[in-house]
Structure formats: C-alpha cells, structure tokens
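Participant: build me a model:
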Amino acid sequence: MDVFEAIRGRRSIRAFRETDVPQETVEKLIEAASWAPSAGNIQPWEFIVVRNPETKRRLAEAALGQSFIEEAPVVIVVCADEERSARGYGTRGKTLYCIQDTAAAIQNIHLAAYALGLGTCWVGAFREEEARKILEIPDGVRPVAIIPVGYPAESPSPRSRRPLKQIIHYEKF
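Facilitator: Here you go, the predicted model:
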C-alpha cells in the first residue's frame, strides 16, 4: 500500500468486529512503531498489550466511558519513558521529546494497522493516574495513548481538512 493512500484512507474506528487479532499481527504493529524516529535514537516507548476483558473495561472507564475500547479485541497502551529521555536530554527530553517520539510511534501503529486491514483509534482522553494504576505503570513512565485495535465494523467518511493556504507560512508566521 502506498503511504499516501494509508495517510488519506485511515480513519478513527470506534466499532469492531468480534474477530480476534493474531499476536503476530499485533507484534507487526509494534515493530512498525519501533521504527519511528526518536530524539537521539533513545526510543523511549513502551507498549502494553491488553486482551483481558476486565482490564479493557476498566481502561474504557478511565477513558471517560469510551466503551468502544473494551469492544476491541486488543488494546495497545503506548507509554513514554520520561526518565529514559531525561537521561539524554534533561527536562526538555522528559517533558517534550518523549511525547514527540511516542506520538511518531503511535502514528506508525495507525498507518500499519490500516495497511493490514485493521481499524484503530487514538484515544488521548483518559484519566492518566487511573490508567497508570490499572496497568501498574511505574513512576517515570507515562501513558500517552490508548489504542483499541480490531477489524473495523464501520467505514467512516473522510473528515474535512483545513486548506494548505491556511496552514502554510513561508519564512515567518
């Protein structure tokens, strides 16, 4: 699949078929994530794969009741190791670079999933401390996104995009 086709075709999927996602497919997604760029090649990402129905239910609750999370066969929680980034880049690494790096990894998951016929949704709205407790995430590691993964049971239409002339600035803002 052409990368531009994947970029334009990917949608946020919030309804999934009950078909399981094989472990090797999940690992392909995480491998794609691991090829994302990162500051100083520090690779501060950590991935928690969740299949347990009760854990998914609790994550959906922590995500402000977004029940489609528990309906996905697999959920990948992407975390940023703030301490790993801080060792290389101090405060800026801890507060910014690790977030940028995991965001790039998250986007790779979405594009790879689409190329494999899977649906995903980037869930950033969740109570972080609650997710941390549910998944026993250690201090210094921050959950950044909850990504439900499964075979889509919907085909959302494309959403509008701002025109390039509104978002491109040459030389100065």
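Participant: what segments of this structure are strands?
Facilitator: Per DSSP state E, the chain carries strands over the ranges 45-50, 74-81, 119-120, 141-150.
Participant: show me what the shortest one is packed up against.
Facilitator: Here strand 119-120 is seen to pack against helix 98-115, strand 141-150 when contacts are counted using 3 or more CB pairs under 8 Å, 6 or more residues apart in numbering; DSSP states H and E. Backbone N, C-alpha and C define where each C-beta goes, glycine included.
Participant: show me where the chain has helices.
Facilitator: 3-9, 23-34, 53-62, 68-71, 82-92, 98-115, 128-135, 164-167 (DSSP state H).
Participant: still on that earlier bit, which stretch among the helices and strands packed on strand 119-120 comes nearest residue 14?
Facilitator: strand 141-150 (7.9 Å; CB to CB).
Participant: pull the distance from the closest one to the chain's centre.
Facilitator: 5 Å (CA atoms, centre = their mean, to the nearest Å).
Participant: check stretch 30-44 too.
Facilitator: Distance, centroid of stretch 30-44 to centroid of chain: 13 Å (CA atoms, centre = their mean).
Participant: buried residues, it. List them.
Facilitator: Buried positions in stretch 30-44, judged by neighbour count with 16 or more other CB atoms under 10 Å: 30, 32-33, 36, 38-39, 42-44.
Participant: in a markdown table: those, plus pLDDT and distance to residue 79.
Facilitator: Formatted as a markdown table, the buried residues of stretch 30-44 follow (pLDDT from 0 to 100; distance: CB to CB, whole Å):
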| residue | pLDDT | distance to residue 79 |
| --- | --- | --- |
| 30 | 98 | 12 |
| 32 | 98 | 17 |
| 33 | 98 | 12 |
| 36 | 98 | 14 |
| 38 | 98 | 14 |
| 39 | 98 | 16 |
| 42 | 98 | 14 |
| 43 | 98 | 12 |
| 44 | 98 | 9 |
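Participant: that'll do, ta.
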